[in-house]
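> The sequence and its predicted three-dimensional model are supplied below.
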Amino acid sequence: MPKQPLQGEEPTADSSSLPPSVDISVAHPARMYDYYLGGKDNYPADRAAAENVLAVLPEGRDMAIANRAFLGRAVRHLADAGIDQFLDIGTGIPGPGNTGQVADAVRPGSRVVYVDNDPIVLAHSRALLARHDPDRTAVVQADLRSPAAILNHHDVRTVLDFTKPIALLLVAVLHFIKEEEDPAAIVAELLAALAPGSYLVISHGTDEFDTSRARAAVRNYDKATAPFVLRSHNQIHAFFDTLKLDAPGLVQLPWWRPDGEIPPGSEAIWLYGGVGRKA
């Protein structure tokens with residue numbers, strides 16, 4: 001698991017080289033997530049919003065760590081199953097344990113496309129991945145709300161072979177898509193472009209365990225670049241309706257194929273996760 005921030009440790013992201021169009025005065029969920037994980041690629045607005053979340057929901061940092069761990073287990077599971085192509089949308093800042101690192105350790109030569117809509121995230125991602133083979137790795141700036149733009153992007157089509165199975169990773173990103181933006185249609189459009197044998201990986205926040213506290217926490221995202229939409233188990237399960245879920249189904253993250261004993265307090269990880277296969 002990624003380390004938790006040390007007491008008193010202060011992120012040190014440098015904004016001096018950012019393009020003038022980037023407004024770091026508005027919190028961004030990807031950079032808030034980086035802060036929860038103990039990263040340094042975040043700014044005062046991100047840290048303030050994240051601390052407001054943690055004031056209501058101290059377990060929030062554990063949830064972020066559990067989510068990153070789930071990503072690693074899911075990618076490793078799919079690589080073990082023979083998948084060597086990954087489309088990671090809403091990737092955030094790919095630190096240790098990123099999709100390509102995990103996939104390549106199991107299946108050398110895996111191909112990965114990282115997609116995010118934050119130019120700051122993309123800048124960090126490109127710097128981190130600069131030494132990777134460009135024929136097997138790409139970083140694309142695009143928005144999940146425009147699936148056709150992702151699917152038709154030159155770099156996506158260059159790195160990934162859509163005639164063969166691909167793992168579509170929507171890890172902790174669909175809960176930033178509002179109902180009026182039709183997340184079900186977005187998922188369906190992406191899945192329709194994938195070959196049989198492809199997989200969908202989702203993790204998603206819920207308010208089913210402590211509704212009032214969960215909703216109070218996510219209200220701190222209302223002034224960020226995207227609000228946080230909590231959904232029920234049934235609503236999240238519906239994204240897999242055309243797929244066959246791998247065991248153990250759609251469960252709280254710590255219970256999805258754990259590497260060992262489930263840590264104490266895992267019932268407070270209020271995110272569901274699942275992996276489904278396209279027939």
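Perfect, thanks for sending it. Numbers count the residues shown, from 1 in each chain.
> drop to CA atoms for contacts and neighbour counts, all remaining ones
OK.
> just how off-centre is stretch 43-52 within its chain?
Relative to the chain's own centre, stretch 43-52 is displaced by 19 Å; criterion: Cα atoms, centre = their mean, to the nearest Å.
> Just the buried positions in that stretch, please.
By neighbour count on 16 or more other Cα atoms under 10 Å, the buried set for stretch 43-52 is 43, 44, 45, 46, 47, 49, 50, 51, 52.
> Flag the shaky bits of the protein, pLDDT-wise.
1-21 (pLDDT under 70).
> Going along the chain, name the strands of it.
85-89, 111-116, 137-141, 167-171, 199-205, 244-245, 251-252, 271-277 (DSSP state E).
> Is it possible to get these out as JSON lines so that each row also shows mean neighbour count?
Formatted as JSON lines, the strands of the chain follow (neighbours: other Cα atoms under 10 Å):
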{"stretch": "strand 85-89", "mean neighbour count": "25"}
{"stretch": "strand 111-116", "mean neighbour count": "25"}
{"stretch": "strand 137-141", "mean neighbour count": "21"}
{"stretch": "strand 167-171", "mean neighbour count": "24"}
{"stretch": "strand 199-205", "mean neighbour count": "25"}
{"stretch": "strand 244-245", "mean neighbour count": "17"}
{"stretch": "strand 251-252", "mean neighbour count": "20"}
{"stretch": "strand 271-277", "mean neighbour count": "25"}
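> Dump these to a markdown table, plus distance to residue 218.
Listed next are the strands of the chain as a markdown table, based on distance: least, Cα to Cα, whole Å:
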| stretch | distance to residue 218 |
| --- | --- |
| strand 85-89 | 21 |
| strand 111-116 | 21 |
| strand 137-141 | 25 |
| strand 167-171 | 17 |
| strand 199-205 | 10 |
| strand 244-245 | 28 |
| strand 251-252 | 18 |
| strand 271-277 | 13 |
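> what's the farthest-apart pair in the buried residues of stretch 43-52?
Spanning the widest gap among these are 43 and 52, at 14.4 Å by Cα to Cα.
> Now, the buried residues of stretch 43-52 that are in helices?
Residues of the buried residues of stretch 43-52 located in helices (DSSP state H): 44, 45, 46, 47, 49, 50, 51, 52.
> Closest one to residue 93 out of those residues, please.
Once Cα to Cα is applied, the member of those that ends up nearest residue 93 is residue 46, at 13.7 Å.
> what sits against the spatially most central residue of the chain?
Nearest to the mean C-alpha position of the chain, by Cα atoms, centre = their mean, lies residue 171 at 3.3 Å. Counting by Cα atoms under 8 Å, 6 or more residues apart in numbering, residue 171 touches 67, 71, 89, 90, 91, 201, 202, 203, 204.
> Could you rerun that using 6 Å?
202, 203 (Cα atoms under 6 Å, 6 or more residues apart in numbering).
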